[in-house]
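1. Task: produce atomic coordinates for the following.
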Amino acid sequence: MLTILSSVACTADELDVVVSWHKPPYVVMDQDSGFELDLARAIFNEMGHQLTPN
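-> Have a look, this model is predicted:
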């Protein structure tokens, strides 16, 4: 599950995203990748935002 934490998410260029836990292949924490993160990163990049997993 991804949770977006930003009080100005509509106008922010960089979004901090809290990732629930290491659960390959959906989230691979040591590589900041996985299906969920890659998909969210691609969507936010299309919208002009940079995703930063935390």
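2. Which helix or strand lies directly C-terminal to the longest strand anywhere in the chain?
-> Longest strand in the chain by number of residues (criterion: DSSP state E): strand 14-19. Next along the chain after strand 14-19, taking DSSP states H and E as the criterion, comes helix 35-46.
3. The helix or strand just after that next one pairs with which strands?
-> Of the helices and strands lying after helix 35-46 in sequence (DSSP H and E), the nearest is strand 50-53. Its sheet considered, strand 50-53 pairs with strand 14-19 (parallel) by DSSP bridges.
4. pLDDT (mean, whole number) over the strand it pairs with?
-> For strand 14-19, mean pLDDT is 77.
5. circling back: figure out how far the longest strand of the chain is from the centre of its chain.
-> 5 Å (CA atoms, centre = their mean, to the nearest Å).
6. For the nearest residue to residue 27 once chain neighbours are set aside, list the residues it contacts.
-> Excluding its sequence neighbours, the residue lying closest to residue 27 (CB to CB, 6 or more residues apart in numbering) is residue 34, at 4.3 Å. Where C-beta positions appear, they are placed from N, C-alpha and C, glycine not excepted. Neighbouring residues of residue 34 by CB atoms under 8 Å, 6 or more residues apart in numbering: 23-28.
7. Can you lay out the residues you listed as a markdown table showing pLDDT and distance to residue 41?
-> Listed next are the contacts of residue 34 as a markdown table, based on pLDDT from 0 to 100; distance: CB to CB, whole Å:
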| residue | pLDDT | distance to residue 41 |
| --- | --- | --- |
| 23 | 89 | 17 |
| 24 | 92 | 17 |
| 25 | 92 | 15 |
| 26 | 90 | 13 |
| 27 | 89 | 12 |
| 28 | 90 | 13 |
